[in-house]
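S.K.: quick one: sequence and predicted model below, then my questions.
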Protein chains: 2
Amino acid sequence: MWTLDRKSKKPLYEQIADHIEQRIATGEFPPGSLLPSERKLANQLGVNRSTVILAFAELRSMGIVESRTGSGTRVADAWRGNITRHTPNWKRYAENGGFLPNLPFLRKIREALLQDPSMIDFASGELSADLAPIDEINAILNKQSNFAYFGYDNPQGYLPLRQALVEYLYQYRGIRTSESSIMITSGSQQSLFLITQCLTSPGDAVAIEDPSYSYSLPLFQSAGLRIYPLPMDDQGISPDDIRSLFKENRIKMIFLNPNFQNPTGTVLAQERRKKLLDIASELGLPIVEDDPYSLTAYDGLPLPSLKSMDSNGGIIYIGSFSKIAASGLRIGWMVAPHSVIQRVADARQQMDFGPSVIPQGVVARFLQSDSFVAHLERLRIQLQFNRDLLIEALQNELSGLVAYNAPQGGIHLWIKLIPYVHEGKLLDEAIKNGVVYVPGSVYGSNSGFARFTYARPNSQDIQTGIAGFARSVRKLMAP
Amino acid sequence: MWTLDRKSKKPLYEQIADHIEQRIATGEFPPGSLLPSERKLANQLGVNRSTVILAFAELRSMGIVESRTGSGTRVADAWRGNITRHTPNWKRYAENGGFLPNLPFLRKIREALLQDPSMIDFASGELSADLAPIDEINAILNKQSNFAYFGYDNPQGYLPLRQALVEYLYQYRGIRTSESSIMITSGSQQSLFLITQCLTSPGDAVAIEDPSYSYSLPLFQSAGLRIYPLPMDDQGISPDDIRSLFKENRIKMIFLNPNFQNPTGTVLAQERRKKLLDIASELGLPIVEDDPYSLTAYDGLPLPSLKSMDSNGGIIYIGSFSKIAASGLRIGWMVAPHSVIQRVADARQQMDFGPSVIPQGVVARFLQSDSFVAHLERLRIQLQFNRDLLIEALQNELSGLVAYNAPQGGIHLWIKLIPYVHEGKLLDEAIKNGVVYVPGSVYGSNSGFARFTYARPNSQDIQTGIAGFARSVRKLMAP
């Protein structure tokens, strides 16, 4: 008798779908015949009914079975058992191409959030509805939407937004640039994707901070890059490490997040920035500066961007609206030398022809409005408030069991768990307790760390969420 | 945006020299990089070329740039006189990666349109501001924008839009599907990109119509695919050709645009559709059905989609809002079996986390509004009107020199030029005469063809545009 292979990488529902398809193909269930009920199959196979539902959905999407409410699932009439008809082997097709699957922990978190909307979410790296300027954006849409045309746009993005960003970058980040040096992207993520796909080749070596958000991105591996870690202390990376990495591994590019680094919250010290730029220009080595958090600096005074200190054209600067306004706008940008912008803008025409003009227009107007400044001030206060709530909850619930540095900006707290707890089991247990966060190994760290985003849960849920996390830790701690 | 101050006492060439120096200092043009040509800068800035020559001379005298005859003007390496500082070799970086550059003809057309906004545009495959539902979309934005949240969204796209599309696809295209089988993409372009990147591997063979819009997309070559053409007559491709292509070249996928094909306007005949589906399912060969034009059918009665006849799950269906509403919304979709949707949705998380919820919300509301039906009716009448204007103009200006079939839907007229005229020279001459269109070789055809999009120019410019095109043809015709 057929049984599931629970050690296989193939999901259970796919195994069941294959199994049923095979039984249909061999004539066990002729066209038009009724299949066993979901519950019956679930019992037979020893799985949840939801797994059988997924398997039936798969078969339905392939045209093999049909369901009608109240009358069960039947083999499709069109499925004639005719040996000259073949469905493409979609599963084999889906194994093609260069994109690697996303990380299992991140997929598990996404699943948990989809399945239970009441889950307290310390995992998603974004602002809650309370912190995001929802009213301001709706107001801009409602009062000022008067687009003259919605056509294919300039490959670098909507000109009024690039013009607004020239002002913004100078005012807030000390960067002098022009519209022609800016490209609008679908969040920072698309900037990173384009940089890896257009400026590096498989086998190239790049350096990133350790730990780093970049480890969570299979896009580096999908591009075939070799990744070298730059260790960090509480002042960021040590620039001298770059020289030896360059000598030994011919690294071609450095990816850094100097202000309120994701996940650690670290700020790269000012004197290290100068040294870093000297070494990079000595080696002719480009730096990709990812800068999504600077405007959240709780004292309103972030350190200057590397790009503002770069007289050499060696820095590609990436910014985004996702962490200071709303990730759902999908607006990011890249500032880079002319030849880089030309290259990535041309390549993007093959991918998607650029983002919609509507969110680009909204962001342009928001940047130029008084409500932007007011929003930023409120955001900084609320983020600091949430950070303090999180730290207070940790002190209440896990005193002596966790260690961390309180960040002075950004949206993440990087927590070291002092007792040993199995990383995968802890996440499973936390999900059972209604809480998600991101295990540290996602960022390339050894186990025993976790990233808690305090911008995403509602303030009033932070204490409850940490209490649930603490129950999970205590349950799994070695006695 | 920087402009010249024509009232200033400072000469124009000095203003330009200062401006360029500043752009060099901010890293837009790093040491060693090529500056835009004199002619290009003169066009951009609206000055004589001689003024730019003076500005370059000024910069040369300051040691900031270097010119070598025949190889343009570069930023000096010694700029800043510091030999221990090296700019990354951006040009070499830009040669990396898998994306091939876009086609030269398409880049030339884009340049021409950017430089001269009065150019009569038969090249861009989209609707003019007159034909697009601009007022309707602004009205939806103004009256109904009440988003509760703008966060990272479901990887398959905004649920209310997918729900609206389930209705839309059944009502207009006879396709029965569910939200879980739909993924929203940034236009059809992103669907095609994801399909080639996720479901094929370098070296795979695919079949496309000849001529075909797909030839204009380096994305097939960028994915390393071998492309085999399927010849067309006035009823579309011949399904039997697929069997021999499959036998000889092991093609893995077929890309088709069955209704009002781009660029020819051809409709694949009904009996051929049935045969095509039989052969494809016999071979287990998937078909990607690109269907952007069906709703423009001038009689309101497009042939049924292949997907609606597909009982076998062998078709990936691609749709878009670009050709029936507005390309600047950047909303397309893909309907595919479960395993395909899972794969492409996961991969897209590495690219861009999906399109903004704002245009997705707008399209969902527009699809469900009465104004959508009214817009479609008006659009069909106006497209047919523009098609007739274009044909009338061709009869007036080029009688006996061109041949074509009048399409019964869509937005393009495919024109055969009867006399021999050099394809590249003709486009150059047309640009001088204030007209752009797309040369046929862009779609893989032999020279002697051209695609004229009659949806893009204003109705009142069609006769003038064709007159300019006719002058260009007559000038270059062999005497």
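M.R.: Perfect, thanks for sending it. Since the structure is predicted, the reported quantities are computational estimates derived from the model, not experimental observations.
S.K.: top helix in chain A by residue count?
M.R.: Identified as the longest helix of chain A according to DSSP state H is helix A:370-398.
S.K.: show me what that helix packs onto, helices and strands only.
M.R.: helix A:134-144, strand A:412-417, helix A:462-476 (3 or more Cβ pairs under 8 Å, 6 or more residues apart in numbering or on different chains; DSSP states H and E). Just so you know, the C-beta spots here come from the backbone N, C-alpha and C atoms, and that holds for glycine as well.
S.K.: so for that helix, mean pLDDT?
M.R.: The average pLDDT within helix A:370-398 is 97.
S.K.: may I see the buried residues of it?
M.R.: Neighbour counts using 16 or more other Cβ atoms under 10 Å in any protein chain shown place A:371-372, A:375-376, A:379-380, A:382-384, A:386-387, A:389-391, A:393-394, A:397-398 of helix A:370-398 among the buried residues.
S.K.: list the helices and strands the helix or strand containing A:Phe366 packs on?
M.R.: In the assignment (DSSP states H and E), A:Phe366 maps to helix A:357-367. Secondary-structure packing of helix A:357-367 (3+ Cβ pairs under 8 Å, 6+ apart): helix A:134-144, helix A:159-173, helix B:357-367.
S.K.: please identify the most buried of these.
M.R.: helix B:357-367 (a mean of 25; mean count of other Cβ atoms under 10 Å in any protein chain shown).
S.K.: just want the angle from that helix to helix B:159-173.
M.R.: Using axes from the mean of the first three to the mean of the last three Cα atoms, to 10 degrees, the inter-axis angle of helix B:357-367 relative to helix B:159-173 is 40 degrees.
S.K.: would you turn the helices and strands packed on helix A:370-398 into TSV with mean pLDDT and distance to B:Asn262?
M.R.: Conversion of the helices and strands packed on helix A:370-398 to TSV gives the following (pLDDT from 0 to 100; distance: least, Cβ to Cβ, whole Å):
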stretch	mean pLDDT	distance to B:Asn262
helix A:134-144	89	33
strand A:412-417	98	47
helix A:462-476	97	52
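S.K.: measure stretch A:365-376 end to end?
M.R.: 15 Å (Cα to Cα, to the nearest Å).
S.K.: do the same with stretch A:115-123
M.R.: 15 Å.
S.K.: and A:Met62, how far from A:His86?
M.R.: Computed with Cβ to Cβ, to the nearest Å, the distance linking A:Met62 and A:His86 is 11 Å.
S.K.: swap that for A:Glu95, please
M.R.: 18 Å.
S.K.: settle it for me: which of those two has more neighbours?
M.R.: Using other Cβ atoms under 10 Å in any protein chain shown as the criterion, A:Glu95 and A:His86 rank with A:His86 on top: 16 against 13.
S.K.: any idea how far the closest residue to that one other than its chain neighbours is from B:Ile251?
M.R.: Nearest residue to A:His86 in three dimensions, chain neighbours excluded: B:Gly284, at 3.4 Å (Cβ to Cβ, 6 or more residues apart in numbering or on different chains). Counting by Cβ to Cβ, the gap from B:Gly284 to B:Ile251 is 12 Å.
S.K.: next: A:Leu401.
M.R.: 60 Å.
S.K.: quick one: which of the two has more around it?
M.R.: A count of neighbours by other Cβ under 10 Å puts B:Ile251 above the other of A:Leu401 and B:Ile251, at 22 against 17.
S.K.: if we can go back for a sec, ok, the residue nearest to A:His86 touching A:Thr87?
M.R.: Yes: taking Cβ atoms under 8 Å as the definition, B:Gly284 is a contact partner of A:Thr87 at 6.7 Å.
S.K.: list residues touching both of those two?
M.R.: B:Gly314 (Cβ atoms under 8 Å, 6 or more residues apart in numbering or on different chains).
S.K.: more neighbours: which of the two?
M.R.: The residue with more neighbours, out of B:Gly284 and A:Thr87, is A:Thr87; 19 against 14, by other Cβ under 10 Å.
S.K.: the more buried one in helix, strand or coil?
M.R.: Following DSSP: H, G, I helix; E, B strand; the rest coil, A:Thr87 is assigned to coil.
S.K.: so it touches B:Leu283, yeah?
M.R.: No: the pair A:Thr87 / B:Leu283 is not scored as a contact, 11.1 Å apart, by Cβ under 8 Å.
S.K.: for chain A, longest strand please?
M.R.: The strand that spans the most residues within chain A, counting by DSSP state E, is strand A:226-233.
S.K.: and the helices in the stretch 251-400 of chain A, which stretches?
M.R.: Here the stretch 251-400 of chain A has its helices, by DSSP state H, counting those that start in this stretch, at A:270-283, A:338-351, A:357-367, A:370-398.
S.K.: tell me which of those lies nearest to B:Ser305.
M.R.: Ranking the helices of the stretch 251-400 of chain A by distance to B:Ser305, with Cβ to Cβ as the measure, places helix A:338-351 first at 25.4 Å.
S.K.: pLDDT averaged over that closest one - what is it?
M.R.: Mean predicted confidence for helix A:338-351 is 91.
S.K.: for the nearest residue to A:Ser339 once chain neighbours are set aside, grab phi and psi.
M.R.: Among residues not flanking A:Ser339 along the chain, B:Trp90 sits closest, at 4.7 Å (Cβ to Cβ, 6+ apart). Reported as degrees, to the nearest 10, the phi and psi values for B:Trp90 are phi -60, psi -30.
S.K.: quick one: residues contacting B:Trp90.
M.R.: Shown in contact with B:Trp90 (Cβ under 8 Å, 6+ apart): A:Pro286, A:Gly313, A:Pro337, A:Ser339, A:Val340, B:Pro30, B:Ser33.
S.K.: swap in A:Ala17?
M.R.: Counting by Cβ under 8 Å, 6+ apart, A:Ala17 makes contact with A:Ala55, A:Phe56, A:Glu58, A:Leu59.
S.K.: which members of those additionally contact chain B?
M.R.: Filtering those for neighbours of chain B using Cβ under 8 Å from any Cβ of the partner chain leaves A:Glu58.
S.K.: nearest to A:Arg110, of the contacts of A:Ala17?
M.R.: Nearest member of these to A:Arg110, counting by Cβ to Cβ, is A:Glu58, at 19.0 Å.
S.K.: which helix or strand contains that closest one?
M.R.: helix A:49-61.
S.K.: that helix vs helix B:338-351, what angle?
M.R.: For helix A:49-61 against helix B:338-351, the angle by the same axes, to 10 degrees is 100 degrees.
S.K.: what about A:Cys198, distance to A:Val438?
M.R.: 29 Å.
S.K.: and A:Ala57, by the same measure?
M.R.: To A:Val438, A:Ala57 is 29 Å away according to Cβ to Cβ.
S.K.: of the two, who's got more company?
M.R.: A:Val438 (25 against 19).
S.K.: that concludes my questions; thank you for your assistance.
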